[in-house]
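Asker: 3D, please:
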Amino acid sequence: MAQDNNRRLANVKTRQETGFDHVVSGLETGTPFGKREQRETRPFFPGQEEALRAELRKVGELRRFASENPKKVKLLMEVFMSCKDVSGTVERSVKDTLSVVDIYEIKQALLNDAAIRRILAADATSLEGVEMKEGGENCCCDENGSVERRLEASGTGSAGAVYGGIDPEFIPEDTSDLLDLLDPRKDRLPTFYVYDDFSGKLAELRARKKELERGLRKIQKARRDELKEELGIVLTPKFDVVIPKSSDDLAKAKSSDKLTVSTEDYSSVTFVLAPDEETFDLLKQSEELELEIENEEYLVLKELTARIAEHSGRMLGNFRRIGRLDFVLAKAVYAEKHGCVMPEITEDHRIEIINGRHLQVEEILKSKGGEYCPISIELERGVTCITGANMGGKTVSLKLTGMIPLLAQYGYFVPAEKAVIGLSNFVQMLIGDSQSVERGLSSFGSEMEELNEILDHASARSLILIDEIASGTNPGEGLALTRSLVDYLMKRDYIALITTHFETVTEREGVVNMQVRGLADADFRKLDSELRYANRRERIRIIGKYMDYRLSKVSGESRVPHDALNIAKMLGIDKEIIDGAGKYLIQ
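Answerer: Numbers count the residues shown, from 1 in each chain. Next up is the predicted model:
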């Protein structure tokens, strides 16, 4: 089943807020074809599970390939960096005659095709003699020539090679016949010239012109010698001379019929040999030959263009193959680097994440010397509420629950120990919208505006993620609105995950309550001792170190831990305020 390019799984804000875009931007594609593939990739929807599994298997195959063949991957990256998108030039070959520069770029593309085929077909031992280069986009054009030339010189690969373990989708079609046409000397250098080999007539015309140029130069040398003997004026090898206006030679040069003025400025005059009848005749013949040569070169370019046009479908197909190889290999390398796993795709609409990691948050924590606490969660049709104090990581858990299914539906491996994903028709996250506030709406107003949009677009098998709904209005109305929203969502064929401070919302029958463990198991004596002499910023970091961000499923009778009061007390809030708050909680 083909992917639907017109359907939208998640809006821009959801992709950004969940951290999906952070992962995608971390992929290192090297070719313009791979970047386009990455940019234009579309998600898989319910009913396309088998197609998604096939895509994920390809990522897995290339992950194994990359792990087992690091040198091949580095060589491929070198080729990728030299790839240029000449699709427009190839398409233009059908109606216009290409220039020398155009055909040079097409030859380079063909060299890249051949290099990729050789790398993929090579065995490990044959790569030992192939030196890898540094230097970015020009790395294939160094003194050793293209990667294809270095591979060929080392005897790497062969025309009949078997590409074990690589899906045929990623292997460029053999275009060596077209490359041989553009490279008649088979030197495999990343250059192009309209060689004499392309046309016997062209070779003959160039030989005649060369002979004329030799005769002309012989005459010019003789006249140069005469000038030196007669006037003592010495011409350069280009048969010109610059004479200062203050020099006695100026008058002699002006009086000679062998010299003519070329240019003049305030201090000097440049003279060149004046053509006599013999040189004039040779120059005229040379110009006529040059026109014939240009015409013959054009005919060669026209013929080569026609041959390129015949192969345009193969070349454009190879660009797509290279783009797919580049993009899927980038996904595979990213998965290996970040410890991601292949998600299990199920037909049921459910989500199971075991020890999932939000990569963006994890990177921030690691940069500060901290450790990320993996999160596990299971969701099915209905409403699940995450409760717990601020600083407990509820919002990060919500974002993680959006990021992993989105990555899976776009064909990426996911950062978790295990993930079981049932595909959604619609994924949307409701979180604070600063842009709406900037438009003049209150935080509550912007929230209601976005909620309305979400509910208008939601359909069966939607994944709805809501962060602290109605926190921007008075508690009584906020609680009522949250409870009513939960009632509404419970009737729909949605998976809904809501973070909330309104603990009574979880008392509704059928609502699953997940609580952040928070400071429930913390050693408060040790924590107090670390906080005693710490400043404000250090206190927040220390409390975060003791916080357990894991989620635990609790029964309807369980109460939300009073971590907020504990945190407020540890951060120095007056004891009278803390004790007073405790009395109200008892009531």
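
Asker: ok, and the closest non-adjacent residue to the residue sitting furthest away from the middle of the chain?
Answerer: Distance to the chain centre peaks in the chain at residue 230, reaching 70.8 Å (criterion: C-alpha atoms, centre = their mean). In this structure, residue 230 finds its nearest non-sequential neighbour in residue 256, 7.8 Å apart by C-beta to C-beta, 6 or more residues apart in numbering. Heads up, the C-betas are built off the backbone N, CA and C, glycines and all.

Asker: neighbours of that neighbour, how many?
Answerer: Residues lying near residue 256 (other C-beta atoms under 10 Å) number 16.

Asker: again, but for the one 5 residues further on
Answerer: Residue 261 sits with 12 neighbouring residues when counted by other C-beta under 10 Å.

Asker: hang on, the earlier thing: separation between the residue farthest from the centre of the chain and residue 240?
Answerer: For residue 230, the distance to residue 240 (C-beta to C-beta, to the nearest Å) stands at 17 Å.

Asker: about what we covered before: helices or strands up against the host helix or strand of the residue farthest from the centre of the chain?
Answerer: Following DSSP states H and E, one finds residue 230 within helix 200-231. Secondary-structure packing of helix 200-231 (3 or more C-beta pairs under 8 Å, 6 or more residues apart in numbering; DSSP states H and E): helix 249-255, strand 268-273, helix 277-310.

Asker: please repeat the previous calculation with a cut-off of 6 Å.
Answerer: Contact partners of helix 200-231 among helices and strands, from 3 or more C-beta pairs under 6 Å, 6 or more residues apart in numbering; DSSP states H and E: helix 277-310.

Asker: buried set for the helix it packs on?
Answerer: 279, 282, 286, 289, 292-293, 296-297, 300-301, 304-305, 308-309 (16 or more other C-beta atoms under 10 Å).

Asker: can you give me the strands in this structure?
Answerer: 240-244, 259-264, 268-273, 344-346, 351-356, 375-379, 382-387, 418-422, 426-430, 462-467, 494-499, 512-518, 548-554 (DSSP state E).

Asker: could you give the angle of the second one to strand 268-273?
Answerer: Okay, so that is strand 259-264. Taking axes from the mean of the first three to the mean of the last three C-alpha atoms, to 10 degrees, one finds strand 259-264 and strand 268-273 inclined to each other by 140 degrees.

Asker: adjacent strands (with direction) for strand 259-264?
Answerer: Note on strand 259-264: by DSSP bridges, its sheet partners are strand 268-273 (antiparallel).

Asker: about what we covered before: go through the helix holding residue 230 and flag the buried ones.
Answerer: Residues of helix 200-231 classed as buried by neighbour count (16+ other C-beta under 10 Å): 202, 205, 206, 209, 212, 216, 220, 223, 224, 227.

Asker: the first one reaches residue 298, doesn't it?
Answerer: No: under the criterion of C-beta atoms under 6 Å, residue 202 lies out of contact with residue 298, with a separation of 10.5 Å.

Asker: any regions of the stretch 201-350 of the chain where pLDDT drops low?
Answerer: Along the stretch 201-350 of the chain, segments meeting pLDDT under 70 are nowhere present.

Asker: do the same with the chain
Answerer: 1-5, 123-164, 389-392, 433-442, 472-474, 517-549, 555-587.

Asker: could you redo the last one with a cut-off of 80?
Answerer: 1-6, 122-165, 369-370, 388-393, 432-447, 470-478, 501-504, 516-552, 554-587 (pLDDT under 80).

Asker: residues in contact with the nearest residue to residue 209 once chain neighbours are set aside?
Answerer: Closest residue to residue 209 apart from its sequence neighbours, by C-beta to C-beta, 6+ apart: residue 289 at 4.4 Å. By C-beta atoms under 6 Å, 6 or more residues apart in numbering, residue 289 lies in contact with 205, 208, 209.

Asker: now do the closest residue to the second one other than its chain neighbours against residue 216, distance only.
Answerer: Read it as residue 208. Distances taken as C-beta to C-beta, 6+ apart put residue 289 closest to residue 208, at 5.9 Å, once the chain neighbours are dropped. Distance of residue 289 to residue 216, computed by C-beta to C-beta: 12 Å.

Asker: same check on residue 268?
Answerer: Residue 268 sits 27 Å away from residue 216, going by C-beta to C-beta.

Asker: what does residue 169 give?
Answerer: For residue 169, the distance to residue 216 equals 59 Å [C-beta to C-beta].

Asker: check residue 47 too.
Answerer: For residue 47, the distance to residue 216 (C-beta to C-beta) stands at 77 Å.

Asker: got it, and residue 383?
Answerer: Taken as C-beta to C-beta, the span from residue 383 to residue 216 is 92 Å.

Asker: distance from the helix holding residue 230 to the middle of the chain?
Answerer: Centroid displacement of helix 200-231 relative to its chain, using C-alpha atoms, centre = their mean, to the nearest Å, is 56 Å.

Asker: and the angle from it to strand 240-244?
Answerer: If you take the same axes, to 10 degrees, helix 200-231 sits at 40 degrees to strand 240-244.

Asker: what's the angle from helix 200-231 to helix 277-310?
Answerer: Using the same axes, to 10 degrees: helix 200-231 against helix 277-310 is 150 degrees.

Asker: quickly list what residue 352 is bridged to.
Answerer: The partner residues for residue 352, given DSSP bridges, come to residue 378, residue 420.

Asker: was I right to think it contacts residue 422?
Answerer: No: between residue 352 and residue 422 there is no contact under C-beta under 6 Å: 9.2 Å.

Asker: comparing these two, which shows the higher neighbour count?
Answerer: Counted by other C-beta under 10 Å, residue 352 and residue 422 do not tie: residue 422 has more neighbours, with 23 against 20.

Asker: give me the neighbour count for the residue lying closest to residue 304 once chain neighbours are set aside.
Answerer: Nearest residue to residue 304 in three dimensions, chain neighbours excluded: residue 103, at 6.0 Å (C-beta to C-beta, 6+ apart). Close neighbours of residue 103, defined as other C-beta under 10 Å, add up to 21.
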